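*Asks:* Pasting a predicted model and its sequence here:
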Amino acid sequence: MKTVVCFVNFHCSESINESLETLPKTMEKISVFVVDNTSDFSFDKNYGFETKVLNPGKNLGYYNGMNHCISYLGENKIAFDWFLASNPDVIYNDVFFESLGQLDATEYQKTIIAPSILSGRTGVDLNPQIANRPSRRKMKFLARVFSSWLVGNIYISAIHFANKLFKVKNKNYQREESDIYAPHGSLAIFPPSYLQKFGLKHPCLLFGETIVVAEQAISTGFRVRYLPDLQVIHKEHATTKLVHSKKVMGYKGEAARLMYSMYWK
């Protein structure tokens, strides 16, 4: 099994190197690529697997940075079974890669995998990020909410508080493997067939990435599958804070309005 793990750096070299420490050192068929949006990344050491920094010369954003890596793989005819689009603050383990290696790649060639992603702050599983396709009313509401810095941050804080409460009330809650609408954006696992068809091009700098993935999947017979046996930890917010700045909320509002106009209007 050949696995590509891709990170996008935006002033977060320390977090990426911490994540690299948790990748299995004995895996020969793993390649790590870092798309360096801020031209300040360096590997702390030789990790024992293939590593490469790709410098696009400007800030491409999250999934457009991933797409830069996909273009590089295609140009250099680098074959792989899985492409992991990873946040810099995801903590891996050997069991995760063993479980991924046991999957039949041919069976999942039309599947985007959403693993179990435990929040490092609350312990709550961040997947399924969105179990069912949102209604037009919900997307219109979000487009309005994220147009305001204050209202947007209040809404985000309320959602995080609700997730924390969910953990307390449902300590023994077990999620089951299932098809879902969209994965959590901190880690999504793509088969080469999806990337060959779409890449990971995104119409804006940040946010809304997995909405585009979900809509493209629906329209072409791909599925998003939640697999709780694949488990990682997301330390959360190495690249964006829980309370968003006006600039970041501006990106979030732009993405919400664009997703609404592209798929629900």
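*Replies:* Received it, and whenever you're ready, just let me know what you need. Residues are numbered from 1 along each chain as shown.
*Asks:* what about the strands in the stretch 151-265 of the chain?
*Replies:* 178-180, 187-190, 223-234 (DSSP state E, counting those that start in this stretch).
*Asks:* Tell me where the stretch 151-265 of the chain has helices.
*Replies:* 192-198, 209-220, 246-263 (DSSP state H, counting those that start in this stretch).
*Asks:* Could you dump the strands of the stretch 151-265 of the chain into JSON lines and include distance to Ala85 and mean pLDDT?
*Replies:* (C-beta placed from N, C-alpha, C; glycine too.) Listed next are the strands of the stretch 151-265 of the chain as JSON lines, based on distance: least, CB to CB, whole Å; pLDDT from 0 to 100:
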{"stretch": "strand 178-180", "distance to Ala85": "16", "mean pLDDT": "96"}
{"stretch": "strand 187-190", "distance to Ala85": "5", "mean pLDDT": "98"}
{"stretch": "strand 223-234", "distance to Ala85": "13", "mean pLDDT": "96"}
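*Asks:* With Glu209 as the reference, name the closest of those.
*Replies:* Glu209 lies closest to strand 187-190 among the strands of the stretch 151-265 of the chain, at 8.4 Å (CB to CB).
*Asks:* helices or strands next to the closest one in the packing?
*Replies:* strand 82-86, strand 111-119, strand 223-234 (3 or more CB pairs under 8 Å, 6 or more residues apart in numbering; DSSP states H and E).
*Asks:* okay, the ones you listed, which one's buried deepest?
*Replies:* Greatest average neighbour count among the helices and strands packed on strand 187-190 goes to strand 82-86 (a mean of 24), per mean count of other CB atoms under 10 Å.
*Asks:* For that strand, report the contacting residues that lie outside it.
*Replies:* Contact with strand 82-86 is made by 1-7, 19, 63, 66, 70, 100, 105, 113, 186-192, 195, 200, as judged by CB atoms under 8 Å, 6 or more residues apart in numbering.
*Asks:* what about the closest residue to Gln196 other than its chain neighbours, which SS state?
*Replies:* Excluding the flanking residues, the one nearest Gln196 by CB to CB, 6 or more residues apart in numbering is Gly74, at 7.9 Å. Of the three states, Gly74 takes helix under DSSP: H, G, I helix; E, B strand; the rest coil.
*Asks:* returning to that earlier point: of the strands of the stretch 151-265 of the chain, which is nearest Met262?
*Replies:* Of all those, strand 223-234 comes closest under CB to CB, at 17.9 Å.
*Asks:* between that closest one and helix 209-220, how big is the angle?
*Replies:* Calculated by axes from the mean of the first three to the mean of the last three CA atoms, to 10 degrees, strand 223-234 forms an angle of 160 degrees with helix 209-220.
*Asks:* Export strand 223-234 to CSV, keeping only CA atoms.
*Replies:* Provided in CSV are the C-alpha atoms of strand 223-234 (Å, rounded to 0.1, in the frame of the first residue of the first chain):
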residue,chain,number,x,y,z
ARG,A,223,-19.6,8.2,-1.6
VAL,A,224,-18.2,9.6,1.7
ARG,A,225,-17.9,6.7,4.2
TYR,A,226,-17.4,7.2,8.0
LEU,A,227,-15.0,4.5,9.3
PRO,A,228,-14.8,4.8,13.2
ASP,A,229,-12.1,2.0,13.4
LEU,A,230,-9.7,4.5,11.7
GLN,A,231,-8.9,6.8,14.6
VAL,A,232,-6.7,9.9,15.0
ILE,A,233,-6.6,12.9,17.4
HIS,A,234,-7.0,16.5,16.2
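*Asks:* measure Cys6 to Val32 for me?
*Replies:* Relative to Val32, Cys6 is positioned 8 Å away (CB to CB, to the nearest Å).
*Asks:* returning to that earlier point: buried only: go through the contacts of strand 82-86 for me.
*Replies:* Among the contacts of strand 82-86, the ones that count as buried by 16 or more other CB atoms under 10 Å are 2-7, 19, 63, 66, 70, 100, 105, 113, 186-192, 195, 200.
*Asks:* which residue packs closest to Tyr92, ignoring adjacent ones?
*Replies:* Spatial nearest neighbour of Tyr92, excluding adjacent residues (CB to CB, 6+ apart): Thr22 at 4.3 Å.
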